[in-house]
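**Q** build me a model:
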Amino acid sequence: MPPQCPSTQSQCPPLPQFTFPVPPSAPSTQSQCPPVLPVHTPSPSQCPSTHSQCPQCPQYTLPVPPSAPSPPQCPSSHSQCPSSHSQSLPVPQFTLPVPQFTLPVPPSAPVHTPSAPQCPQFTLPVPPSAPSSHSQSLPVPQFTLPVPPSAPVHTPSAPQCPQFTLPVPPTAPSTHSQCPPVPPVHVSSPPQCPQYTSVLPVHTPSAPQCPSSHSQSPPVPQYTLPVPPVPPVHTPSPSQCSQSPLCPQDAASVADVVVWGSLFPVLQDETSVPSELQVLRSWFSAVSAWEPCRAAAALLPEALRELQTHLAQRPPALPAPKHLPQVCPGGQVGTAPLPQSPQDEESPERALSDADIAAAAELWARGPAALPPPRQPATPVLPVEGERNVLITSALPYVNNVPHLGNIIGCVLSADTFARYSRLRGWNTLFVCGTDEYGTATETRALQEGLSPRQLCDRYHALHADVYTWFRIAFDHFGRTTTPQQTRIAQDIFQRLLARGFLLQDTLEQLRCESCGRYLADRFVEGTCPSCGYAEARGDQCDKCGKLINAVELRNPQCKLCRGTPVVTPTQHLFLDLPKLEGRLQAWLERTWDTWTANARHITRTWLRDGLKPRCITRDLTWGTPVPLDGFRDKVFYVWFDAPIGYLSITATYTEQWERWWKNPQQVELYNFMAKDNVPFHSVVFPCSLLGAEDNYTLVSHLIATEYLNYEDGKFSKSRGVGVFGDMAKDTGIPADVWRFYLLYLRPEGQDSAFSWSDLMLKNNSELLNNLGNFINRAGMFVCKFFGGAVPAMALTAEDRRLLARVTLEMRQYHQLMERVHLRDALRCVLSISRHGNQYIQVNEPWKRIKGDQGDRQRAGTVTGVAVNVAAALAALLQPFVPGVSEAIQAQLRIPPERCGLGPGLTCTLPAGHRVGTVSPLFQKLEPEQVEALRQRFGGGQAKQPPPASAPHTPAAPGDPKLIQELTEQVAKQGNLVRQLKAAQVEKAQVDTQVAKLLELKQQLALAEGRSPEVPKGKRKK
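**A** All right, here's what the predicted structure looks like:
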């Protein structure tokens, strides 16, 4: 130890509950930390061993050898503190939070006591040959460094320490000019803290060598830094700092670790840093090589993936699909086994490996050969042996009303998105759907509109077809259930079930109206709710309390057709014997439902939990498929026995070879798309019917059910007209692809979601306009503006290859999600790719480089060429979601049809020299005023009122005084209500609802009085 510096300038802040582990070979440095920071080294003559004159060190003493002379640099002016190297750092209110933890010090750690006056609270190991050192920077948790009034102040180097000074001999070299900006707290000796130890080497600097090396920390109030587990700390010498941001002979400082931890999620390895930033690149590489940082880097991608999963609140994980896309010889996309463990799954969040980058570069170099050849489907589409044959159905929409947004996303739009993806993959795909036209709902609506059921079905079938055409739903065939094929197939399945003993007869009690001479279906009955007393409850459900009702439970029931009082009458019906089929169903489910959505499995288990019960399959109606059995020929099949058979009959109207799809389970994969309320009929009733028929029917292999889409703060309602309906969407001025995008973006896959006008505006303006549209437009515009409309030559750098690998990882994740029919998350992968593209353009700034030298212009060409190829890939990825936008991109970039396929990763589909067309914006901004007007228009205020009585009525007995008086009173009461609503200036929708009810009451009154309802009283023509 140098004689002039026997003690080690211990600057020990109180660090509560904070320890560092000491490696076995490290000397013990367990030091007791006093609450007041003494910073001095007394000389023997000026500071006796009792330190009675030293107010700075009231709680400990430093042993000083008697023979140690005073350092020549320390003048005698230090009257209150005879220390030669007072290193008090005035850092007021400098707080760094440190996690509260304690690490034990090995008991065998050696300690050092330099001289007789023993320090009662700590010891310092000081090797005799300790070299001169640079201050040991340590994070300081939640403390203030007090400076005693009498403490001398030193100035080591004026430019470095503007806020405090320390006495420095004129010859003292200035140090640490290259220290990082994060303010370290310097301690030249080991930390003097009773609760932790340090792995730092212990230095005893000589005064001439290190007089000013500990004063490089400007005060930074309220500054927090995370502390790694074991951060060796150092301050490099000037020569080392001038060459590199990290000392080659020492480990990373706390500041290095903190900055590295902030940058790692973005950079992940040094090749992500632009080559121009060589200093940053070298520093990042050096810190990344440190063992604790390598360990953290290995854990970080998995942690980020877990956090993202938690934030996205995804539904429970489903079993992985069995195949992953890969390009087979000849260019066609085939399938490969997917990884079996979560760690093996492709994830765009994980760090890129050299293998990832090399594989992406190889795929890029293959060019259009890496894409699958376009498939030319035959007409009709039929299964092909040896190929993947995919049959897709969407739950058949009721014909009696216009579908709303919830119906569209829950069924046809989701099915269409997957069907488009399936075709892009080159799979042999058939997508069928149609209107469900039989049942009570159709009869009721036909009576309301004064039409026959057939006329109503013809009208609404065309309306449905128009809506789906506008939404770009690409059915292979859109049919209907009121066909001879439906009757023939349904009756054949019925006869096979009957012959095999899977049908039962039983008696039900139903309401029968003697005046009308018919049994009343649920919707033809109205009465008082037995639960809440609401006077206008329907025969199936109360609109006030929401309770499901059996029509015979209503109090004071009335026939909605004639207002007569029905009577409870027993009637015979046929039942499907589900208990007898339960064993077959269970066995089939165990083999199948791993690929179903979680809610479909849950709902099915709920039905099975208490055992299945016989299910009625007939109804006392006239509009439906007739029952071919004596004694029941006046009945029809119940809609939930009949309707799913519509999938088969609609396919039969498409091709006479329909059995090749529906009686071919060995070669056909069946996907059913629906909302969750339809699950039991597709997972239990319909499969039992087909299993019982024993005719080798194709059963569903992928049952895809969504939750509900709500409207703003309420629910869609066909009966009340609440929310946006299909025929209204096209009148909003918002393009169909924007509707498709938004509905798929918030697709209720794991839980209910809600349509919101403000959120629609936000997603359009941010995701479509600023993210996706901005990137594709810039990429195309750069080609046109800077390179004459021809794709420039590309010389890929490491940065470019990293982008290729990142986009390829996103595309692999996209394929995995689409195979599992996680459409919403797959769409987010597409948006992530465009974000990567925007960042790539923004960092490289081709609009600036094009004005530079030859190297800059070449770089601008490479960036532009890569970007426009990413845009071409996005055209294919977007096709299932927004087909119109995809077609526009393909047209603007002039992508040949044979290059529009969907490959397994990013490939160079637009080589150098390819000429693009005219590039124009793909999306328009939605303005707040426009959205607010739409919100008011579709406000849904009418949902707050009970529905009007909904059917024109057959006259009961014209001239009946009692009925006329009752209706007159109701007309007067309803008229007063309408006038009150108009006077109060309530929403027009509410007024219209009550006006409709008033007009209906007037029609009933006219019929009772023997007048024509088409000419209301007081408006008769003369």
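
**Q** any low-confidence regions in the stretch 651-800 of the chain?
**A** Applying pLDDT under 70 to the stretch 651-800 of the chain flags residues 717-722.

**Q** what mean pLDDT does stretch 633-646 get?
**A** Computed over stretch 633-646, the mean pLDDT rounds to 93.

**Q** ok, and what's touching that stretch?
**A** With contacts defined as CB atoms under 8 Å, 6 or more residues apart in numbering, stretch 633-646 is touched by 396, 434, 436, 438-440, 479-481, 486, 489-490, 493-494, 573, 576, 615-627, 681-682, 685-686, 689. From N, CA and C alone the C-beta is placed, and that goes for glycine too.

**Q** which of the residues you listed count as buried?
**A** 396, 434, 436, 438-440, 479-481, 486, 489-490, 493-494, 573, 576, 615, 617-621, 623-625, 627, 681-682, 685-686, 689 (16 or more other CB atoms under 10 Å).

**Q** so which of those are in strands?
**A** G434, G479, R480, H573, L576, R615, T618, R619 (DSSP state E).

**Q** with pLDDT and distance to L906 added, can I get the residues you listed in CSV?
**A** Shown next, in CSV, are these (pLDDT from 0 to 100; distance: CB to CB, whole Å):
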residue, pLDDT, distance to L906
G434, 97, 39
G479, 97, 40
R480, 97, 44
H573, 94, 60
L576, 96, 52
R615, 92, 52
T618, 93, 58
R619, 89, 56
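
**Q** after the helix ranked longest in the chain, next one along is what?
**A** When the chain is parsed with DSSP state H, its longest helix is helix 854-878. As assigned by DSSP states H and E, the chain's next helix or strand after helix 854-878 is helix 883-893.

**Q** name the residues of that next one that are buried.
**A** For helix 883-893, by 16+ other CB under 10 Å, it's P883, G884, V885, S886, E887, A888, I889, Q890, Q892, L893.

**Q** how near is the third one to M794?
**A** In this case it means V885. 26 Å (CB to CB, to the nearest Å).

**Q** again, but for the second one
**A** Using CB to CB, one obtains 30 Å as the distance from G884 to M794.

**Q** over to the last one?
**A** With distances taken as CB to CB, L893 is found 16 Å from M794.

**Q** and what of E582?
**A** 63 Å.

**Q** settle it for me: which of the two has more neighbours?
**A** M794 (20 against 16; other CB atoms under 10 Å).

**Q** return the backbone torsion pair for the nearest residue to A790 once chain neighbours are set aside.
**A** Nearest residue to A790 in three dimensions, chain neighbours excluded: R915, at 5.2 Å (CB to CB, 6 or more residues apart in numbering). Note on R915: backbone dihedrals following degrees, to the nearest 10 are phi -100, psi 130.

**Q** can you check S394 too?
**A** When read as degrees, to the nearest 10, the backbone of S394 gives phi -120, psi 140.

**Q** L744 versus that one, what's the distance?
**A** From S394 to L744 the distance is 15 Å (CB to CB).

**Q** now swap in I650 and tell me
**A** In this view, I650 and L744 are 25 Å apart by CB to CB.

**Q** in terms of packing, which of these two has more residues around it?
**A** Counting neighbours by other CB under 10 Å for I650 and for L744 shows that I650 has the greater number, 25 against 19.

**Q** in contact with the closest residue to R857 other than its chain neighbours, which residues are there?
**A** Leaving aside its sequence neighbours, R857 sits nearest to I850 (CB to CB, 6+ apart; 5.8 Å). Contact partners of I850, counting by CB under 8 Å, 6+ apart, are F786, D856, R857, A860.

**Q** show me which pair in these is furthest apart.
**A** Across the contacts of I850, the longest distance by CB to CB is 11.8 Å; it joins F786 and D856.

**Q** the two - which one has more neighbours?
**A** Remark: of F786 and D856, F786 carries more neighbours, 18 against 15, as counted by other CB under 10 Å.

**Q** span of stretch 442-457 from start to end?
**A** End-to-end distance of stretch 442-457 (CA to CA, to the nearest Å): 8 Å.

**Q** just to revisit the earlier point, okay, the angle between the longest helix of the chain and helix 883-893?
**A** 150 degrees (axes from the mean of the first three to the mean of the last three CA atoms, to 10 degrees).

**Q** for helix 854-878, give the mean pLDDT please.
**A** Helix 854-878 comes out at a mean pLDDT of 97.

**Q** buried set for that helix?
**A** Across helix 854-878, burial judged by 16+ other CB under 10 Å covers 857-878.

**Q** ditto for stretch 533-553
**A** Buried residues in stretch 533-553 (16+ other CB under 10 Å): Y534, E536, A537, R538, G539, C542, D543, I549, A551.

**Q** ok, now which ones touch the nearest residue to the last one once chain neighbours are set aside?
**A** Translated: A551. Leaving out its chain neighbours, the residue that sits closest to A551 by CB to CB, 6+ apart is G539, at 3.5 Å. Taking CB under 8 Å, 6+ apart, we find G539 in contact with 511, 520-527, 549, 551, 554, 557.

**Q** please apply the same query to I841.
**A** Counting by CB under 8 Å, 6+ apart, I841 has contacts F775, R778, A779, V863, A867.

**Q** any idea of the pLDDT on E514?
**A** Value for E514, per-residue pLDDT: 85.

**Q** isn't it right up against T569?
**A** No. Here E514 lies out of contact with T569, judged by CB atoms under 8 Å, at a distance of 9.2 Å.

**Q** how about the helix or strand containing L804: buried residues?
**A** Using DSSP H and E, L804 falls within helix 798-819. Judged by neighbour count using 16+ other CB under 10 Å, the buried positions of helix 798-819 are 799-819.
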